[in-house]
Structure formats: structure tokens, C-alpha cells
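A.B. asks: Predicted structure and sequence below. I'll ask about it afterward.
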2 protein chains.
Amino acid sequence: MLYKDVIKGNIRAVAKLIRKVDDRDGDFLEELKAIYPHTGKAFLIGITGNPGAGKSTLVNNLIKKFREQDKRVGVIAIDPTSPFSGGAILGDRIRMQKFFTDDKVFIRSVATRGTLGGLSRSTYDIIKVMDAMGNDVVIIETVGVGQDEIEISKLADVSVVVVVPGLGDHIQAIKAGILEIADLFVVNKADLDGVERTVMDLQYMLSMDPRQESDKPEIIQTIAEKGVGIEEFISKLYELKEKLKSSKYMENLGRERHKLELFSILDSLIEDKLDALLTDTRVKEEVEMLQNRKKDPYSLAESLLNEVFK
Amino acid sequence: MLYKDVIKGNIRAVAKLIRKVDDRDGDFLEELKAIYPHTGKAFLIGITGNPGAGKSTLVNNLIKKFREQDKRVGVIAIDPTSPFSGGAILGDRIRMQKFFTDDKVFIRSVATRGTLGGLSRSTYDIIKVMDAMGNDVVIIETVGVGQDEIEISKLADVSVVVVVPGLGDHIQAIKAGILEIADLFVVNKADLDGVERTVMDLQYMLSMDPRQESDKPEIIQTIAEKGVGIEEFISKLYELKEKLKSSKYMENLGRERHKLELFSILDSLIEDKLDALLTDTRVKEEVEMLQNRKKDPYSLAESLLNEVFK
């Protein structure tokens, strides 16, 4: 078992456990049970935004500042990775090199590769490992606004949405859902043309938000490439953390988060069981029956479930 | 049962069945089994792209042209809907009004609202209903490139990725995954500055694609607002359909699609069972145990599964 060394913050043990959890290998579930009481200490920051918003540069700047404050930092980059190549995106490899010699910075890319869609079944577990290993801060970075981001925003203590000026259709670019997941808006690349317009659009959108003024997300500006605005960004993050901790809203959020976690674990366990049943040969046979319309997929699914949970 | 009228293309029966499927109501599963032999006839077109790419306008133009050819058209707009409001986005309502009087156009918005993340559990089923009701074409529209889009691209006969000029970081904007899901790239808003650059970036990306030249996606340009390029778009779609049908690749795709469908149905059935077990009161109680750390979520998930499938 690795959990004892993981809790002590041993990097090699952490890397091994993450691999074990990702592979659903051996007694990984017992490991997760053992680290659970040591979780709940890290400050979980969710950062999302469209491709091209400069999230990676922004996160690099955050890491640097957190390190100057001697904080231990974990980063989980969630990739809508190609289903074919399965590899991590280039940017993350470059980033990992940058902090390669710093053993207080731990970065992992996680592919969204759940068989049944949605977040990879190990994403939640890896957040737990990053938390239990003693990170002060865990940054969870996602791309775009979709189901994944909505889930992450529920798991994170503070959710940041990064936007950039000049995305064309202003209203469309700020899609349904983005308002509710944001605790803070960061307008990055604030030296580009159209920044005032982007801020105005966000303000307009927020003016229609029914929450009271003090509960609405603030808007800050950064130029991550030049390190501009990063200190304000960090102090806003801590401000929000304190504010949310003291609010009633937080209690509901906590409940929601536990519920989501539970469902995610249920999903994982079921997938594990199905994986064991549905060998490649079996899948091939069954799918042939479907292709020849000798079976319908609904009846097949019913009989498979009866089989796996008999 | 509604399936007999659905197969005949009765709009009211279709709307009722979609509601029934969405609500997982009564004998919805028997209805789906009954319509299954009548599916597989519609031309399934997946269209994805970032918010602001002009997908809605493009789809409106497609509908118009298909109607001129007297084709029956179904549209499924998949929304990363706000988890709080649950409503369809404004654009879709406006769109639905436009074709309100045409009974050969059937448009539905589907929220991505799966409890366990990913596509809503009824999305696949609604595609089947749209197929079985006798549509010649079913357009499935999604936002952004993530897990949802990858799934849809496997379900669709032809997958289109819509991009627009001037998205800032050119390389970043074209994220991992987008290459593999595209059968065709549409550069929309081709009257904007930077269109040549966008086309060049796509060409550069495709030059690194290991597939042989004839298998790589083509790039076309449209100005959907002005109806420019739509005829070429449609003829490319049919060209691709024929090309893919006659290729070996299609056989693999068919297998992959059936597999994905099967897993999606398995997932839905499990969610239904869990829903029945996990009443609001029960969830509240269990979550309280988690919050007080009286239980860990892994052990809880194990015991719930034993209970539901005993």
C-alpha cells in the first residue's frame, strides 16, 4: 500500500498511486479509502475558458506566485484529448519541464476518457490524491464550458472563468452556464483591442443576474504574458475563499459536492464491473448481433446488467 | 404505446415520445425497442464549433436548402445548459419559431444533464426517435470540442467542425481532438479579416495528419449570414456520405457506434435504478454521513451497489 507515503507528500508514491488509480489496479480502492480522512485541506481552484484564452500562461504565473509564498502547488490539467492518440497536449509537457526541478509543484494531465462520457473515472480520485499529499493549493484547469466544467466548478472552492477580448459575437461567446459557474471573471490579454467591450458585455450580463450585488462575480483584468494583474488575481482568490467559507451558500455547496462525488464513484465502480464482463471478444460478438439487427441494444443492455449484477 | 404513430411520422406522437423518453416514463424502453428496427435510414450530420462560430445561422441555412430539396429535416441542439435554470438557450427558441409552420422540420433542444456527466441519458434515444420518424436528415448540433462532441462525431455519419477567423492564438484554438473528429472543416464568417490565416493554420495542421491525402478533411468557406457557400457545403456533405459509405473505414465506424450506443444505454439503465433507490431523503442522510466523515464515499458506493443489484 502506498497511502502512508502519499500522506507524507512523497512524490514518487503520489505518482505511483495516481498511476494505480488511473489503471484501476489492484487495491486502489482501499488506498482511496485510506487517504480520504486526509483530504479537504487544499484550496481547490477551478480555472476554465475557451482554447486560446491564455489559461496555461495564467496558471504558470499563479504557480510562480504561490511558490514565492512557499505554498505547495498541485495542478490537474483536464484535456479533451484525442480519443485516438490519447496523449497529453504539448503545452503541458512544456509546462511540466518549466517546474521540473521544483518538488513542491506537482502537475498531471488527465484525459477525459470515460467510457460512458464525462470526466474520466479517475479525475475525482486524482483530485483527492493531490489534496491528501499536502498541497496547499490544487488548480484544476479545464477547456471550454461544458458538462466537465460544470462538474469541476462544483468540486472547486473557487471557480474562475477566463475570457479574452475580440471573440466575435459577444453575447454568444458568453454561453449559458458560464454565469452560474463563475465566482470570478478574468479578462486576460487585456492589452488587446476590444477589452472595454468585453468587460462591458460581462457587466451587462451580470446586471441581469438576479443575485444581490455582493454575491455576483467580480471582473478583473490580466496580461498573463507580461505577469500583469497576477497579484490582484491571487488576492481575489483568497478573498473569495474566505467569503464563501463564511456564507450559508457554502454549506449547500458542500452538500452538492459530496453528492456529486458519490455519484462519480458509483459510476466508476459500475464501469469497472462492466469492463470485467465485456471482454474484447464478447463486445465484438454482441456488436455483430446489433449490426445484423439480430438483437436490439435495449434488450441487450438489460440482459448484460442482469448478468453482471446477478 | 406511441411507436406506431412515430414510425408514420406523426409529429404529435414524436413530441410525446421524446417527452416520455426524456422523463424515463412508463414503458419508454419498450417503445425504444419497437422503433429500433426502423432506425438507420436518416443521414446523421454532426456540427460542432466554439460559441460564436455562427453554427445556428449555418444550420438555419442548411434546413432551408434541404427543404428546397423537399427533404424532411430533424435538428437536435445539444446545450451545455445552465445546471441551475435548465432552460433552452434563446437562439433555439427563435430558430424554432422560424420553422414553426413547416411540419417537415422538427427541432428539439436537449440539455446535457446526465447525473453522472456526459451526454444526457436520453440524447442517444432522441436521435433514434428522430431517425425512426422518417427524417431524411438529422442534424446534431453541439458547442465546443469536448467529450460530448467526440461522442457525437462517432454517432454521426459526417462530422463538421465550424471555425471562424481571428480566434487569437491560432494553434491553441485548434485543440487536440478536433482533427480526428472532423470529416469537413467549415470556415464560417469568411468575410472577416484573417480568413486566409485561419485556412492556412488548418492546412498546416492537416499537413501533419498521417492519413493519406484523399482521407483528410477538406476545408470550405461560408458566410452563413449572407447564405454564401451553403450549396457547396451541402454537396460536400453528400459527397462525404457516399465516400464514407463505400470505405472500409465505415465498417469500423459502424462497430464503434454500436458499441458506444450500447454503453450509453447501459449507463441510462443504471442511472434509472440508482434514481429509484436514492430518494432525496436517502441522499440527504447519506451525504450528511459523508460531511461528518462518518463514512467514506468509496465504502458507501460499494454498499449502495450491493443494495440496488442484490
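C.D. replies: Now that the structure is in, tell me what you want to look at.
A.B. asks: Just give me the neighbour total for residue A:192.
C.D. replies: Per other Cβ atoms under 10 Å in any protein chain shown, the neighbour tally for residue A:192 reads 14. (C-beta placed from N, C-alpha, C; glycine too.)
A.B. asks: Residue A:72 too?
C.D. replies: Residue A:72: 19 neighbours (other Cβ under 10 Å).
A.B. asks: for it, what are its contacts?
C.D. replies: Going by Cβ atoms under 8 Å, 6 or more residues apart in numbering or on different chains, residue A:72 touches A:9, A:104, A:105, A:134, A:135, A:136, A:137.
A.B. asks: Identify the residues contacting the first one.
C.D. replies: Applying Cβ under 8 Å, 6+ apart to residue A:9 gives the contacts A:72, A:133, A:134.
A.B. asks: elements contacting the helix or strand containing residue A:205?
C.D. replies: In this assignment (DSSP states H and E), residue A:205 forms part of helix A:195-207. On a contact count with 3 or more Cβ pairs under 8 Å, 6 or more residues apart in numbering or on different chains; DSSP states H and E, helix A:195-207 meets helix A:170-173, strand A:184-187, strand A:218-221.
A.B. asks: any bit of the last one sitting next to chain B?
C.D. replies: Right, the one you point to is strand A:218-221. No. With Cβ under 8 Å from any Cβ of the partner chain as the criterion, chain B is not reached by strand A:218-221; the gap is at least 15.7 Å.
A.B. asks: Report the buried residues of the next helix or strand after that strand.
C.D. replies: Heading C-terminal from strand A:218-221, the first helix or strand you meet, by DSSP H and E, is helix A:230-245. By neighbour count on 16 or more other Cβ atoms under 10 Å in any protein chain shown, the buried set for helix A:230-245 is A:230, A:233, A:234, A:236, A:237, A:240, A:241.
A.B. asks: just how off-centre is helix A:230-245 within its chain?
C.D. replies: Mean-position distance between helix A:230-245 and its chain equals 19 Å (Cα atoms, centre = their mean, to the nearest Å).
A.B. asks: mind listing what's buried in the next helix or strand after that helix?
C.D. replies: Next helix or strand after helix A:230-245 toward the C-terminus (DSSP H and E): helix A:248-277. Counting neighbours by 16+ other Cβ under 10 Å, one finds that the buried residues in helix A:248-277 are A:253, A:255, A:257-271, A:273-274.
A.B. asks: Just the angle for helix A:248-277 relative to helix B:248-277, thanks.
C.D. replies: Relative orientation of helix A:248-277 versus helix B:248-277 (axes from the mean of the first three to the mean of the last three Cα atoms, to 10 degrees): 130 degrees.
A.B. asks: Look at the residue lying closest to residue A:37 once chain neighbours are set aside and say how many residues are nearby.
C.D. replies: Residue nearest to residue A:37 in three dimensions, not counting chain neighbours: residue B:293, with 6.3 Å by Cβ to Cβ, 6 or more residues apart in numbering or on different chains. Residue B:293: 11 surrounding residues under other Cβ under 10 Å.
A.B. asks: pLDDT score for residue B:293?
C.D. replies: Looking at residue B:293, its pLDDT is 75.
A.B. asks: swap in residue A:188?
C.D. replies: Looking at residue A:188, its pLDDT is 94.
A.B. asks: Which residue is the nearest non-sequential neighbour of it?
C.D. replies: Among residues not flanking residue A:188 along the chain, residue A:54 sits closest, at 4.6 Å (Cβ to Cβ, 6+ apart).
A.B. asks: The one you found: what's it in contact with?
C.D. replies: Taking Cβ under 8 Å, 6+ apart, we find residue A:54 in contact with A:162, A:164, A:188, A:189, A:224, A:225, B:169.
A.B. asks: Residue A:13 now?
C.D. replies: A:2, A:5, A:6.
A.B. asks: now the second one: how far from residue A:17?
C.D. replies: What it means is residue A:5. For residue A:5, the distance to residue A:17 (Cβ to Cβ, to the nearest Å) stands at 9 Å.
A.B. asks: what do those two both touch?
C.D. replies: With Cβ under 8 Å, 6+ apart, residue A:5 and residue A:17 have no common neighbours.
A.B. asks: Tell me which of the two has more neighbours.
C.D. replies: A count of neighbours by other Cβ under 10 Å puts residue A:17 above the other of residue A:5 and residue A:17, at 27 against 16.
A.B. asks: Tell me if I am right that that one is in a strand.
C.D. replies: No. Using DSSP: H, G, I helix; E, B strand; the rest coil, the secondary structure at residue A:17 is helix, not a strand.
A.B. asks: That one reaches residue A:7, doesn't it?
C.D. replies: No. With contacts counted by Cβ atoms under 8 Å, residue A:17 stays clear of residue A:7, the gap being 10.4 Å.
A.B. asks: And residue A:302, how far from residue B:41?
C.D. replies: Separation of residue A:302 from residue B:41 (Cβ to Cβ) stands at 25 Å.
A.B. asks: make that residue A:280, sorry
C.D. replies: For residue A:280, the distance to residue B:41 equals 30 Å [Cβ to Cβ].
A.B. asks: Chain B contacts on the stretch 201-310 of chain A?
C.D. replies: Within the stretch 201-310 of chain A, the positions adjacent to chain B are A:254-255, A:258-259, A:261-270, A:274, A:283-284, A:286-287, A:290-291, A:293, A:296-302, A:304-305, A:308-309 by Cβ under 8 Å from any Cβ.
A.B. asks: Can I get the buried residues of helix A:230-245 in JSON lines including pLDDT?
C.D. replies: Formatted as JSON lines, those follow (pLDDT from 0 to 100):
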{"residue": "A:230", "pLDDT": "96"}
{"residue": "A:233", "pLDDT": "97"}
{"residue": "A:234", "pLDDT": "96"}
{"residue": "A:236", "pLDDT": "97"}
{"residue": "A:237", "pLDDT": "96"}
{"residue": "A:240", "pLDDT": "92"}
{"residue": "A:241", "pLDDT": "90"}
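A.B. asks: wait, what's in contact with the residue in the stretch 201-310 of chain A that chain B sits nearest to?
C.D. replies: At 3.2 Å from chain B, residue A:309 is the closest residue in the stretch 201-310 of chain A, using Cβ to the nearest Cβ. The contact partners of residue A:309, by Cβ under 8 Å, 6+ apart, come to A:273, B:305, B:308, B:309.
A.B. asks: so how far is chain B from residue A:22?
C.D. replies: 16 Å (Cβ to the nearest Cβ, to the nearest Å).
A.B. asks: Tell me, what's the model's pLDDT at that residue?
C.D. replies: Note on residue A:22: pLDDT of 82.
A.B. asks: repeat for residue A:47
C.D. replies: 92.
A.B. asks: which secondary structure element contains it?
C.D. replies: If you go by DSSP H and E, residue A:47 is part of strand A:43-49.
A.B. asks: what do you get for residue A:34?
C.D. replies: Per DSSP H and E: residue A:34 is located in helix A:28-35.
A.B. asks: what separates that helix from the chain centre, distance-wise?
C.D. replies: Centroid separation for helix A:28-35 versus its chain: 21 Å, with Cα atoms, centre = their mean.
A.B. asks: Please identify the buried residues of it?
C.D. replies: So, applying 16+ other Cβ under 10 Å, buried residues of helix A:28-35: A:28, A:29, A:31, A:32, A:33, A:34, A:35.
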